[in-house]
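# got a sequence here, can you build the structure:
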Amino acid sequence: MFVRIPVRTAALAKIPAGTKTAFGINAASTTLATLGTGASIIDFAGNHKKVMRVTVHPGLLTPIPQNTTWGTRVVKMTDKSYSFPVGGDDIDQVITAFQAAFTGAGAMKSEMGNADSPGYAVLRLGNTVLSTAKA
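The predicted structure is shown next:
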């Protein structure tokens, strides 16, 4: 069974091809004919169910101080985040793929930023954090 979850095109474009395969992401054009016999595709709309998802928070080169309505100040350290669903046969394989993509010389480590603009990435199942990586 394959689950079809909508993903923003901009987020999908940031994921390298090899990483898409490791995260169990198929192209938007995947149909039953390309999956083969015995497969079924189920549409999965809505965020009320537990979906395994990677969220990337790119770091800002220049942090932005902001005043709150309560008269305090916060400093915005990350840029606009984006997320995409991931899947696979085994949760341990997904965690390993996440660590490989976002740590060391991983294909997506540059998406988080660098030492001057540190960001982070989070792998979640619903609201439960499974793994994190920092730039």
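# tell me which element the most centrally placed residue in the chain falls in.
In the chain, the C-alpha nearest the mean C-alpha coordinate belongs to residue 54, at 2.5 Å (CA atoms, centre = their mean). In this assignment (DSSP states H and E), residue 54 forms part of strand 52-57.
# can you name the residues in contact with the helix or strand where residue 21 lies?
When secondary structure is defined by DSSP H and E, residue 21 falls within helix 17-22. Counting contacts by CB atoms under 8 Å, 6 or more residues apart in numbering, the residues outside helix 17-22 that touch it are 26, 97, 100-101, 107-108. (Glycine included, C-beta is placed from N, CA and C.)
# could you rerun that using 6 Å?
Contact with helix 17-22 is made by 97, 101, 107, as judged by CB atoms under 6 Å, 6 or more residues apart in numbering.
# what of stretch 114-128?
With CB under 6 Å, 6+ apart as the contact definition, stretch 114-128 has outside contacts at 50, 52-61, 78, 98, 102, 112-113, 129-135.
# buried among those residues? Make that a ChimeraX selection.
Buried subset of these, written as a ChimeraX selection, criterion 16 or more other CB atoms under 10 Å:
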select :52,53,54,55,56,57,58,59,60,78,98,102,112,113,130,131,133,135
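# report the buried residues of the helix holding residue 21.
Under the neighbour-count criterion of 16+ other CB under 10 Å, helix 17-22 has 19, 22 buried.
# and the longest strand for this structure?
Identified as the longest strand of the chain according to DSSP state E is strand 59-67.
# give me the contact list for that strand.
The set of residues external to strand 59-67 that reach it, using CB under 6 Å, 6+ apart, is 73-79, 113, 117-119, 135.
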